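Trainee: any chance you could fold what I've pasted below:
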Amino acid sequence: MTDFVLVLGVLAAAAAGLWAWRRLHPVSFWYSVGFPARAVLVYLTWHHVASGCKLTRNRRRFRLTLDAVPVVGPASRSAATVVEHKRRVRRVDVERSPRLGILRPTRLGWRMRLRLHDGQVPADYEKAAEGIAHAWRVHSVRVVDVRPGSVTLWATMRDPLVEVVTEPETGELLTVRPGKLENGRDWVIDFRTVPHWLNVGATQSGKSNLANALLKGLAPQPVALAGFDLKGGVEFTPYAPRLSALATTRKESVDLLTDLVGEVENRMATCRAHGARNVWTLPEGLRPMPIVVLVDEVAELFLMADKSEKDEVAKTATALLRVAQLGRAFAVYLVVCGQRVGSDLGPGVTALRAQLSGRVCHRVNDPETANMALGDLDPAAVDTARAIAAETPGVCIVAGQDGSWHRARSVFVSEQSAEQAARDFSHLTPEWDALIGSVPALDSAA
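Mentor: Residues are numbered from 1 along each chain as shown. Just a heads-up that it's a prediction; the model follows:
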């Protein structure tokens, strides 16, 4: 009895120690205890999971069998039955699961490479991902890093987007950290790597919150900010102290876009005069200040009430497209936001979309907007975007930074916080007239 109590005490102490270890140091607990246990479970159950998800294939194999054959003759009439074992080679079907590679741990789960069977495609594993996740009792399983003949499955134990805490500022020029990716890493927007972004989402989906995070992250940096807000200026006017220019009407938008196109052409002339391919290869004294342009409700730039606005809309679409086409090399970057972005707004929208290599799709009310944002990149991303729940504002699908797409969530940045950042760094706001005239002055001085 004493030994039994002692064993129970040791087990209870071990359980308490593991519980404390998991609570106090979850990362080390996962790598030391959690992941090895999960790896054993995955390897032991993989054949059954693959079979249940219809990922196995039957392969014909030849097996040597021993068949019992009765001996016919006088001996068979005796009381004992005499049999003779004969060897035969038979062809049988063997069910084989895809070959599983080495499991490699991540902070939130693990990843593993699979070798595809003949005739299989990555789409087969994308369809089976939900079933695999349920079988392994994990939050999600995603197909990533597709290569000829193999895919990589990324399993996530829990959803890292339930609560996102981070700061948009990074301290690096033209780089903002607006939230977290589903793999637990920081979501980083680097305008020098991906210069133009399309940000779509329905009301209360997190689209405006992302704009707030971008403004707060860019406010302390030596960059110029310009805004287009055709909802009467209600969105961007509170941030006016940090905006060098703000257009709130169609007429003001045409004028501001004309200035931007002229500025791009001036910077182009300066680079040509100094033999530079872009502004970043200019001497530091001649390098112009980067400009980040925020466009809210882009559909308002393309809609027209009657034919009298047709020429104005055409000028606006052409100028915006020129800025998108030429701006990257000359440090003029775009963030285009909208609730409804579809091909029915005109061919200018589709042409503009082709220049916006960065995509962010929040919850949307219509499939056309999701297709416009992600359809030309990956159909699976469109399906995931349309499954975003209304109860998870800020959750979105991000594509563009590394060539793949991820679920992400932006950190909550209140309007008051963004307004305070605009006021705190208002002294960094360059005058628009001086900004667009700086390149010719520098060029002539040189």
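Trainee: okay, now the unreliable bits of the stretch 1-150 of the chain?
Mentor: For the stretch 1-150 of the chain, the stretches flagged by pLDDT under 70 are 1, 59-94.
Trainee: which residues in it form strands?
Mentor: 57-70, 83-96, 99-100, 104-105, 109-115, 140-147, 150-156 (DSSP state E, counting those that start in this stretch).
Trainee: check the stretch 151-300 of the chain too.
Mentor: Listed from the start of the chain, the stretch 151-300 of the chain has strands (DSSP E, counting those that start in this stretch) covering 175-181, 186-190, 196-200, 224-229, 245-247, 291-296.
Trainee: just send those back as a markdown table, with mean neighbour count too.
Mentor: (Each C-beta comes from the backbone N, C-alpha and C, glycine too.) Shown next, in a markdown table, are the strands of the stretch 151-300 of the chain (neighbours: other C-beta atoms under 10 Å):
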| stretch | mean neighbour count |
| --- | --- |
| strand 175-181 | 23 |
| strand 186-190 | 19 |
| strand 196-200 | 25 |
| strand 224-229 | 25 |
| strand 245-247 | 21 |
| strand 291-296 | 24 |
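Trainee: minimum distance to Pro347: which of the ones you listed has it?
Mentor: Across those, Pro347 has its closest neighbour in strand 196-200 (16.3 Å, C-beta to C-beta).
Trainee: which elements pack onto the closest one?
Mentor: Under the contact criterion of 3 or more C-beta pairs under 8 Å, 6 or more residues apart in numbering; DSSP states H and E, strand 196-200 touches helix 207-218, strand 332-338, strand 358-361.
Trainee: please identify which of the ones you listed is closest to Phe35.
Mentor: Closest to Phe35 of the helices and strands packed on strand 196-200, according to C-beta to C-beta: strand 358-361, at 31.8 Å.
Trainee: buried sites along that closest one?
Mentor: Within strand 358-361, the residues that qualify as buried are 358-361, counting by 16 or more other C-beta atoms under 10 Å.
Trainee: which residues touch the helix or strand following it?
Mentor: The first helix or strand that comes after strand 358-361 along the chain, using DSSP states H and E, is helix 367-370. For helix 367-370, the external contacting residues (C-beta atoms under 8 Å, 6 or more residues apart in numbering) are 200, 338-344, 361, 364, 382, 385-386.
Trainee: coming back round to it: pipe the helices and strands packed on strand 196-200 into TSV and attach distance to Pro98 and mean pLDDT per row.
Mentor: Output for the helices and strands packed on strand 196-200, formatted as TSV (distance: least, C-beta to C-beta, whole Å; pLDDT from 0 to 100):
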stretch	distance to Pro98	mean pLDDT
helix 207-218	38	92
strand 332-338	42	93
strand 358-361	31	92
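Trainee: need these in CSV with distance to Asp118, can you?
Mentor: Listed next are the helices and strands packed on strand 196-200 as CSV, based on distance: least, C-beta to C-beta, whole Å:
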stretch, distance to Asp118
helix 207-218, 44
strand 332-338, 44
strand 358-361, 34
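Trainee: so which of those is nearest Asn266?
Mentor: Between the helices and strands packed on strand 196-200, strand 332-338 lies closest to Asn266; by C-beta to C-beta that is 10.9 Å.
Trainee: circling back to that earlier point, show me the one of the helices and strands packed on strand 196-200 that comes nearest Asp306.
Mentor: When the helices and strands packed on strand 196-200 are ranked by proximity to Asp306, the top entry is strand 332-338, at 22.1 Å, counting by C-beta to C-beta.
Trainee: what angle do the helix or strand encompassing Val349 and strand 196-200 make?
Mentor: Per DSSP H and E: Val349 is located in helix 347-355. Relative orientation of helix 347-355 and strand 196-200, computed by axes from the mean of the first three to the mean of the last three C-alpha atoms, to 10 degrees: 120 degrees.
Trainee: so what's the gap between helix 347-355 and the chain middle?
Mentor: Relative to its parent chain, helix 347-355 has a centroid offset of 21 Å by C-alpha atoms, centre = their mean, to the nearest Å.
Trainee: list the buried residues in that helix.
Mentor: Along helix 347-355, these residues count as buried under the neighbour rule (16+ other C-beta under 10 Å): 348-349, 352-353, 355.
Trainee: ok, the contacts of helix 367-370 vs Arg147, which is closest?
Mentor: If you rank those by distance to Arg147 using C-beta to C-beta, Val382 comes first, at 22.9 Å.
Trainee: would you map the strands across the stretch 301-446 of the chain?
Mentor: Listed in chain order (using DSSP E, counting those that start in this stretch), the strands of the stretch 301-446 of the chain are 332-338, 358-361, 395-399, 405-410.
Trainee: and Ser140, which of the ones you listed is closest to it?
Mentor: Smallest distance to Ser140 across those (C-beta to C-beta): 8.3 Å, for strand 405-410.
Trainee: just the C-alphas of that closest one, formatted as PDB.
Mentor: Provided in PDB are the C-alpha atoms of strand 405-410 (Å, rounded to 0.1, in the frame of the first residue of the first chain):
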ATOM      1  CA  TRP A 405      -0.500  33.600 -49.400                       C
ATOM      2  CA  HIS A 406      -1.200  33.600 -45.700                       C
ATOM      3  CA  ARG A 407      -4.000  34.200 -43.300                       C
ATOM      4  CA  ALA A 408      -3.100  37.200 -41.200                       C
ATOM      5  CA  ARG A 409      -4.600  39.700 -38.800                       C
ATOM      6  CA  SER A 410      -3.800  43.300 -38.300                       C
END
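Trainee: give me the sheet partners of that strand and which way each runs.
Mentor: strand 175-181 (antiparallel), strand 395-399 (antiparallel) (DSSP bridges).
Trainee: ok, and what's touching the shortest one?
Mentor: With C-beta under 8 Å, 6+ apart as the contact definition, strand 395-399 has outside contacts at 161, 181, 187, 201, 205-206, 210, 358-363, 373-374, 377-378, 381, 384-385, 388-389, 405-410.
Trainee: among the residues you listed, which ones are buried?
Mentor: The neighbour-count test (16+ other C-beta under 10 Å) marks 161, 181, 187, 201, 205-206, 210, 358-363, 373-374, 377, 381, 384-385, 388, 405-410 as buried among those.
Trainee: circling back to that earlier point, of the contacts of helix 367-370, closest to Thr258?
Mentor: The nearest member of those to Thr258, counting by C-beta to C-beta, is Gly338 at 21.9 Å.
Trainee: what sits against the closest one?
Mentor: Gly338 makes contacts with 199-200, 296-299, 369, as judged by C-beta under 8 Å, 6+ apart.
Trainee: and Trp197, by the same measure?
Mentor: Trp197 touches 189, 334-336, 356, 358-360, 400, counting by C-beta under 8 Å, 6+ apart.
Trainee: beta partners for it?
Mentor: Trp197 has these beta-bridge partners by DSSP bridges: Val335, Gly358.
Trainee: can you check the pLDDT for it?
Mentor: With respect to pLDDT, Trp197 has a value of 94.
Trainee: roughly how far apart are the closest residue to Gly232 other than its chain neighbours and Asp259?
Mentor: Leaving out its chain neighbours, the residue that sits closest to Gly232 by C-beta to C-beta, 6 or more residues apart in numbering is Thr248, at 6.0 Å. From Thr248 over to Asp259 the distance is 15 Å, taken as C-beta to C-beta, to the nearest Å.
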